[in-house]
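Visitor: structural data only, the sequence is not supplied:
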């Protein structure tokens, strides 16, 4: 009995598909998901969702407007289609369906977002550690209201400037190793008031010009370095230690920091997250077909869409823009399943511990315990390297050529795999910048250090711009030194040094 | 269990605030683009949106990222001819191994433009930003045909459809309380007495008194109950009144010289000026009428088509047009009902004896009636008699009279801005 024959959808039909897919996902495959909230929206609303990084509520800022006019313009001129879906890591898990899509697409999106992404959000260790799905919507509401309130009290311009500066440092607003404890919005609000009061007191203490009990001389000699350890979370450091910020500015820094932290796992698991979701829309819809619940026409259309999504153009294609995470992720998960179900000698040699094991528990284990970098390092098989015809290019600015370091052959597999994994390592892709010193007893200069990796320099123009933002928050001189092998190679400071004649 | 929700009817314009903030932030860029557009556009599509381009570097949101250089490794798919150890000459200007680093693309070093559209309304907003009409806005009660229904309070007469339930019930409650207050007070005292009696031991007198009290209480309670719950006098009705709506309306006189010396280019300049003025007035008044007057040695009221496109030859007597304007005002546009604006475009040629007469006409007969008179000379050469006479007027009536010279299309908008820019009150 087919669930539907035509291409039109209605709400009852969506519910029937959802029920059929949920039955397979939960009962046959044992996927563990948050409850789903599936929302049907129009294309205009989809554009709104786009420009607010998919969040259903967000504070106001011009950069979201910029994104909106860009998306709107490109969509109107037909330069781009809108994503079929947006899904939010929240509990219940919110997924948006676009009303223009036909029932095949809707079913695909339900399987992809509401069961694929959803189970990833709930079970991957990064999301479990760093995000709290049940409180995010509450927190967003708190943030929006707080910022709107600040705009009322301190003017749109002042708030906008603070936000600009925070956004510039957003990638440096995450704790990579410490785990924050989740708190509810009500609790957040209460604590925010407490913080406002106590923080200012501490800061004043920290910056007190005249120590009362000890003689100043002694203090200068003994003054330990502050901070005691280099700090990687620049926004956190500013929030807690910037001398002249008003309490509301500290709270705004905190809000941006929280958002950065919330999105951090998504940035680290693009390949896995999309691959996992593709694996499940592919598996679940094929199962529906095997059960005789969908027509051949449905299947053909689904497969056409599916193959578009997971298409990887070769590097020679004019529209090539790097790896397609859907393609890589989907093929890797499918490959893991193949290694489990029908391993050959090569697989047994490379993956002795998973070859021939139960595929379902293996892919779940892979999904739960890795991020992109380690996932590729662990599971990219020689067969896939051959399938994608991967090759690694070594680009050294000391040579006037680039060199092919490895290709898809016996000697190259490991090297290609290492290099590709590295490509998804955020801590290598982003410059490593930390706070090393704040001159608390002197002129309050803040010193940051960029630790160069493989001789890669900072982009100077953007570095200067970002320093300007840092200076706006710190309000005293800010210096950034770019260091490799212990020697300072480049230095920036804000305000720029003046030559004294 | 999944919840499927239809959100299509929710607000679509969630991004409006963010979009406006973006436009405000890049206002100067956008205004430049609008200025450009005005001088470039043909007259017919003046009233349209516009595509705005801003250099991407002006609106980048900077983040720390790697610059070109150093040693890096990139993995690409789709190898066809490479072997390990192959050396490939570095692509020019890249310095960074082909299309690698995804995050750099947003920052693009090239002359990438960020382009987006603003709609007609926004275009006009930017076009006329900071401009204002001098001597703005008389509002008049126009005849009897535009009314608005306004809330006129609560009345006690009306038709059932307009009953105000809350007010009616409140009224009823008040009436009930007022009419029964005395009775209920009596009941309370009687009940108190009865309760007191009940506390004491029984005796025949007390028993009789109790009976009497019970009867009285029952009678009084019946009286209270007889007060109607809702009475006709309680009913209150919403009232609406018809209010005549003040309508602001303006008439604009376009006066143009069509003598032989005016060629098509000059007319085109003049037309653009008139058009800008029209668009501008349209934003300020609900109702606009335009009167086209053209003249050579004699003036004539014509329609738009004829005004702009038909050719005439002959000499020039400007005062004929001004007289016609005066006559039309007297005939059709009573000063107390209309805001009157006049714009004159000419190449400055005039019958020499006529110029003083023009000045006198404008000063004595037109300016007292007009909100504003603007004169543009669409002529790149030296000024003639008319200009000098007009300049005298300007000195005496700077708030209601203005003049300027335009040589080429690109100047129209700046001149227009100059004529209508916000003035400080003096």
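Guide: Ah, there it is. All values derive from a computational prediction rather than experimental measurement. Numbering: from 1, shown residues only, chains lettered A, B, ... in the order given.
Visitor: quick one: residue B:378 and residue B:412, what's the gap?
Guide: Residue B:378 sits 9 Å away from residue B:412, going by C-beta to C-beta, to the nearest Å. Quick note: C-beta positions are derived from backbone N, CA and C, even for glycine.
Visitor: mutual contacts of the two, please.
Guide: The contact sets of residue B:378 and residue B:412 overlap at B:269, B:273, B:406 (C-beta atoms under 8 Å, 6 or more residues apart in numbering or on different chains).
Visitor: isn't the last one up against residue B:348?
Guide: No - shown here, residue B:406 and residue B:348 do not form a contact pair, counting by C-beta atoms under 8 Å, at 11.4 Å.
Visitor: whichever residue of chain A sits closest to chain B - nearest residue in space that isn't next to it in sequence?
Guide: Taking C-beta to the nearest C-beta as the measure, chain A has residue A:314 as its residue closest to chain B, at 2.3 Å. Counting by C-beta to C-beta, 6 or more residues apart in numbering or on different chains, residue A:314 lies nearest to residue B:78, which is 2.3 Å off, once chain neighbours are set aside.
Visitor: could you look up the SS state of the one you found?
Guide: Classification of residue B:78 using DSSP: H, G, I helix; E, B strand; the rest coil returns coil.
Visitor: which residues does it contact?
Guide: A:312-317, A:320, A:388-389.
Visitor: and with 10 Å instead?
Guide: Counting by C-beta atoms under 10 Å, 6 or more residues apart in numbering or on different chains, residue B:78 makes contact with A:312-317, A:320, A:388-391.
Visitor: separate out the buried members of the residues you listed.
Guide: For the contacts of residue B:78, a burial check counting by 16 or more other C-beta atoms under 10 Å in any protein chain shown picks out A:312, A:315, A:320, A:388-391.
Visitor: what about the residues you listed, which are in strands?
Guide: residue A:391 (DSSP state E).
Visitor: can I get the buried ones among the contacts of residue B:78 in a markdown table including pLDDT?
Guide: Output for the buried ones among the contacts of residue B:78, formatted as a markdown table (pLDDT from 0 to 100):
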| residue | pLDDT |
| --- | --- |
| A:312 | 92 |
| A:315 | 89 |
| A:320 | 88 |
| A:388 | 94 |
| A:389 | 94 |
| A:390 | 94 |
| A:391 | 94 |
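Visitor: residue in the stretch 101-250 of chain B with the shortest distance to chain A?
Guide: Nearest to chain A, among the residues of the stretch 101-250 of chain B, is residue B:116, at 3.9 Å (C-beta to the nearest C-beta).
Visitor: bridging residues for that residue?
Guide: Residue B:116 has these beta-bridge partners by DSSP bridges: residue B:52.
Visitor: residue B:244 now?
Guide: residue B:147.
Visitor: and the pLDDT at it?
Guide: Reading off the confidence values, residue B:244 has pLDDT 70.
Visitor: quick check: it touching residue B:147?
Guide: Yes - Residue B:244 lies in contact with residue B:147 (C-beta atoms under 10 Å); the separation is 5.8 Å.
Visitor: as a check, name the ranges of all helices in chain B.
Guide: With helices called from DSSP state H, chain B shows them at B:16-25, B:27-40, B:120-127, B:165-199, B:204-226, B:264-284, B:304-309, B:318-332, B:354-360, B:385-396, B:409-420.
Visitor: low-confidence ranges in the stretch 51-200 of chain A?
Guide: In the predicted model of the stretch 51-200 of chain A, residues A:78-84, A:177-185 satisfy pLDDT under 70.
Visitor: just the helices in it please.
Guide: Assignment of helices within the stretch 51-200 of chain A using DSSP state H, counting those that start in this stretch yields the ranges A:62-76, A:103-109, A:118-123, A:125-130, A:136-154, A:156-168, A:185-206.
Visitor: buried ones in the longest one?
Guide: Right, the one you point to is helix A:185-206. A:185, A:188, A:192, A:195, A:199, A:203.
Visitor: and it, what does it pack onto?
Guide: On a contact count with 3 or more C-beta pairs under 10 Å, 6 or more residues apart in numbering or on different chains; DSSP states H and E, helix A:185-206 meets helix A:136-154, helix A:234-241, helix A:247-268.
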